[in-house]
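K.L.:
got a predicted model here, sequence first, then my questions.
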Amino acid sequence: MPQQFDVVVIGGGPGGYAAALHGALAGLKIAVVEKDKVGGTCLHRGCIPAKEFLETASVYRTVIGAGEFGITATTNGERPALDFETSQARKQKVVNQLWKGLQGLMKKRGITTFSGIGTLGAGRMVIIDDGTELAGDHVILASGSVPRTIPGFDVDGSIVMTSDEVLTLDRLPESAAVIGGGAIGCEFASMLADLGTKVTILEALPKLLPGCDTDVVDVVARSFKKRGIGVNTGVAVHGHKPNEGGSGTTVLFGDGEELAVEAVVISVGRRPLSSNLGLEGTAVEVDERGFVKVDEYMRTGEPGVFAVGDLVATPALAHVGFAEGVLVIDQILGDDVVPVDYAKVPWCIYCHPEVAFAGYSEQAARDAGFEVVTKKDPYGGNGRALIIGDAEGLVKVIAEKGPDGRAGRILGVHMVGPWVTEQLGQGYLSVNWEATVADVAHFIQPHPTLSETFGETVLALTGRGLHVG
């Protein structure tokens with residue numbers, strides 16, 4: 001006989017484990033089927049390990065620049081030594097600590113975890129590849145995603161790599177082509193370049209970081225150029241020619257151009273992992289790109305079956321998966337729920353300089369039919385930024401123009417610069433509460449802080465800026 005649960009979750013990544021933890025806390029009997037380790041891509045092959053290496057790059061930049069603060073950290077102008085194996089070990093220590101903590105929390109809340117690949121059949125029956133059968137009053141599909149690849153670049157883990165392979169390296173290549181200039185590509189390019197790899201980005205679209213505000217992208221592009229990162233936009237890649245002996249390759253791109261590198265990093269996004277879900281005898285539909293079709297409440301075509309996270313065509317962000325998992329459980333509990341507003345979710349990109357935003361970019365707001373008023377202010381006038389020696393960047397606020405021509409409702413907040421991923425909170429709240437610039441201008445900003453640049457920018461939009469024009 002199958003084991004019976006209130007909710008069976010297929011996949012233990014952010015969307016899946018968030019649903020499980022939230023439901024178990026409310027007293028639901030929960031099962032999670034996970035083929036690898038709970039925590040998913042985010043914890044083991046994505047957010048956490050990638051940001052650990054980016055922090056290694058940040059520490060390395062700090063040591064190199066210590067002389068500006070009167071601290072002698074290098075001699076004879078030599079670069080400080082980098083032991084990447086130590087950084088790799090530290091990364092794994094952080095990952096393991098979080099993983100064990102998550103496992104412990106799930107056990108404490110009475111969640112039953114099954115190891116294996118789960119498939120969904122008729123009647124909300126989940127069958128694990130070892131033959132175990134689970135019956136759920138409700139089922140949540142949360143099987144996640146895997147890195148996308150491109151034709152002509154077979155991943156071998158040594159010359160051609162995806163994010164999965166980069167995050168397990170014990171040494172860094174001397175040179176690398178990063179194919180893809182989106183968030184993942186820019187993060188890897190920034191990290192590799194800061195740690196001594198000669199990096200060239202190849203992006204098919206006309207600019208880096210598609211979807212980001214142009215003023216923000218310009219700051220990132222200038223920083224990359226200054227740090228020696230080659231950027232080729234608007235170019236297609238056509239394949240590569242590995243060197244004899246298996247060391248390095250030559251990438252073919254653009255109009256007959258070639259680039260000799262030791263490694264190629266494929267950073268062209270991720271695809272949903274829906275192919276092993278079964279779904280025979282159910283009304284769950286999958287689109288031509290592999291995404292499970294859902295409505296705004298994450299409901300599939302099969303009654304009682306939901307899908308969340310990277311498996312659905314919503315922003316591939318761990319915190320979006322968290323929100324979707326909670327939304328599903330609240331429905332199961334009979335609570336009043338509000339669908340996720342994907343146009344206003346927070347985005348964070350951890351390259352150097354960091355990027356963070358919520359809401360419309362200026363161009364997107366205009367395309368949506370808004371008349372807008374914008375203001376952007378650099379971190380170069382921020383006291384804390386100058387103190388820490390990192391004043392590259394700006395804050396840009398996009399507001400709706402009122403009938404009197406003055407700035408009204410805040411439509412978007414875009415930041416690029418030092419620790420902006422930690423500063424976005426008040427901008428995100430302003431956008432989601434549909435606050436006006438006058439509303440936000442009343443709040444006192446602590447001084448000296450990096451975050452006061454946001455307050456100054458909003459204040460300037462009211463016509464009463466203090467330190468900015």
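P.N.:
On my side now, so go ahead.

K.L.:
so who does Thr300 touch?
P.N.:
Taking C-beta atoms under 8 Å, 6 or more residues apart in numbering, we find Thr300 in contact with Leu141, Ala283, Val284, Glu285, Val292, Lys293, Val294, Phe306, Ala307. All C-beta atoms are positioned from the backbone trio N, CA, C, and that covers glycine.

K.L.:
so where does Asp439 fall, helix or strand?
P.N.:
Applying DSSP states H and E as the criterion places Asp439 in helix 437-441.

K.L.:
and that helix, what's buried?
P.N.:
For helix 437-441, a neighbour-count test (16 or more other C-beta atoms under 10 Å) marks Val437, Val440, Ala441 as buried.

K.L.:
what pLDDT does the model give the first one?
P.N.:
What that stands for is Val437. pLDDT recorded at Val437 is 96.

K.L.:
the second one too?
P.N.:
Looking at Val440, its pLDDT reads 96.

K.L.:
and it, how far from Thr421?
P.N.:
Taking C-beta to C-beta, to the nearest Å as the criterion, Val440 is separated from Thr421 by 20 Å.

K.L.:
which parts of the stretch 251-400 of the chain are helices?
P.N.:
Under the criterion DSSP state H, counting those that start in this stretch, the stretch 251-400 of the chain carries helices at the ranges 318-332, 362-367, 383-388.

K.L.:
go through the buried residues of helix 437-441 and name the one nearest Leu43.
P.N.:
Using C-beta to C-beta, Val440 comes nearest to Leu43 of the buried residues of helix 437-441, at 34.5 Å.

K.L.:
grab the nearest non-local neighbour of that closest one.
P.N.:
Val458 (4.8 Å; C-beta to C-beta, 6 or more residues apart in numbering).

K.L.:
ok, now how distant is that neighbour from His442?
P.N.:
10 Å.

K.L.:
which one of these two is surrounded by more residues?
P.N.:
Legend: neighbour count by other C-beta atoms under 10 Å for Val458 and His442, higher for Val458 (31 against 9).

K.L.:
so that one sits against Asp439, correct?
P.N.:
No. In this structure Val458 lies outside contact range of Asp439 using C-beta atoms under 8 Å: 9.1 Å.

K.L.:
list residues touching both of the two?
P.N.:
With C-beta under 8 Å, 6+ apart, Val458 and Asp439 have common neighbours Ser430.

K.L.:
state the phi and psi torsions of the residue most central in space within the chain.
P.N.:
Centroid-nearest residue in the chain, with C-alpha atoms, centre = their mean: Leu317, separated by 5.2 Å. Backbone torsions for Leu317, taken as degrees, to the nearest 10, come to phi -130, psi 140.

K.L.:
how far away is it from Arg79?
P.N.:
35 Å.

K.L.:
and the longest strand for the chain?
P.N.:
strand 407-417 (DSSP state E).

K.L.:
mind listing what's buried in the following helix or strand past that strand?
P.N.:
As assigned by DSSP H and E, the chain's next helix or strand after strand 407-417 is helix 424-432. Neighbour counts over helix 424-432 (16+ other C-beta under 10 Å) mark Leu424, Gln426, Gly427, Tyr428, Ser430, Val431, Asn432 as buried.

K.L.:
and the angle from helix 424-432 to strand 407-417?
P.N.:
Per axes from the mean of the first three to the mean of the last three C-alpha atoms, to 10 degrees, the angle that helix 424-432 makes with strand 407-417 is 150 degrees.

K.L.:
only alpha carbons, please: show helix 424-432 as PDB.
P.N.:
The C-alpha coordinates for helix 424-432 follow below in PDB (Å, rounded to 0.1, in the frame of the first residue of the first chain):
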ATOM      1  CA  LEU A 424      17.700  47.200  -2.100                       C
ATOM      2  CA  GLY A 425      15.200  46.500   0.700                       C
ATOM      3  CA  GLN A 426      13.800  50.000   1.100                       C
ATOM      4  CA  GLY A 427      13.600  50.400  -2.700                       C
ATOM      5  CA  TYR A 428      11.800  47.100  -3.000                       C
ATOM      6  CA  LEU A 429       9.300  48.100  -0.400                       C
ATOM      7  CA  SER A 430       8.800  51.500  -2.000                       C
ATOM      8  CA  VAL A 431       7.900  49.900  -5.400                       C
ATOM      9  CA  ASN A 432       5.700  47.200  -3.900                       C
END
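
K.L.:
tell me the helices and strands packed up against that helix.
P.N.:
strand 354-359, strand 407-417, helix 437-441, helix 452-461 (3 or more C-beta pairs under 8 Å, 6 or more residues apart in numbering; DSSP states H and E).

K.L.:
and which of the contacts of Thr300 is nearest to Val9?
P.N.:
When the contacts of Thr300 are compared against Val9 (criterion: C-beta to C-beta), the nearest one is Leu141, at 8.3 Å.

K.L.:
what's the local residue count around that closest one?
P.N.:
31.

K.L.:
equivalent analysis for Glu452, please.
P.N.:
21.

K.L.:
that one contacts Val458, doesn't it?
P.N.:
No. With contact defined as C-beta under 8 Å, Glu452 does not reach Val458; the gap is 10.4 Å.

K.L.:
against Gln423, how distant is the closest residue to Arg464 other than its chain neighbours?
P.N.:
Among residues not flanking Arg464 along the chain, Ala441 sits closest, at 7.2 Å (C-beta to C-beta, 6+ apart). Look at Ala441 and Gln423: by C-beta to C-beta, they are 17 Å apart.

K.L.:
and for Thr374?
P.N.:
From Thr374 to Gln423 the distance is 18 Å (C-beta to C-beta).

K.L.:
Asn96 now?
P.N.:
Relative to Gln423, and taking C-beta to C-beta, Asn96 is found at 30 Å.

K.L.:
other SSEs contacting whatever helix or strand Pro49 lives in?
P.N.:
Assigned by DSSP H and E, Pro49 belongs to helix 47-64. Using 3+ C-beta pairs under 8 Å, 6+ apart, the elements in contact with helix 47-64 are helix 84-108, helix 183-194.

K.L.:
now, of those helices, which is deepest in the fold?
P.N.:
Sort the helices and strands packed on helix 47-64 by mean neighbour count, taking mean count of other C-beta atoms under 10 Å, and helix 183-194 sits at the top with a mean of 25.

K.L.:
ok, back up a step: contact partners for the residue nearest to Val440?
P.N.:
Val458 touches Lys375, Val397, Ile410, Ser430, Val437, Val440, Ala441, counting by C-beta under 8 Å, 6+ apart.

K.L.:
can you add distance to Asp335 and give those residues back as a markdown table?
P.N.:
Output for the contacts of Val458, formatted as a markdown table (distance: C-beta to C-beta, whole Å):
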| residue | distance to Asp335 |
| --- | --- |
| Lys375 | 39 |
| Val397 | 34 |
| Ile410 | 29 |
| Ser430 | 26 |
| Val437 | 34 |
| Val440 | 30 |
| Ala441 | 35 |
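
K.L.:
was I right about Asp341 contacting Asn432?
P.N.:
Yes. At 7.2 Å, Asp341 counts as touching Asn432 under the criterion of C-beta under 8 Å.

K.L.:
so Gly67, which of the three states?
P.N.:
Three-state assignment for Gly67 (DSSP: H, G, I helix; E, B strand; the rest coil): helix.

K.L.:
isn't it right next to Ala73, touching?
P.N.:
Yes. Assessed by C-beta under 8 Å, Gly67 is found in contact with Ala73 at 6.9 Å.
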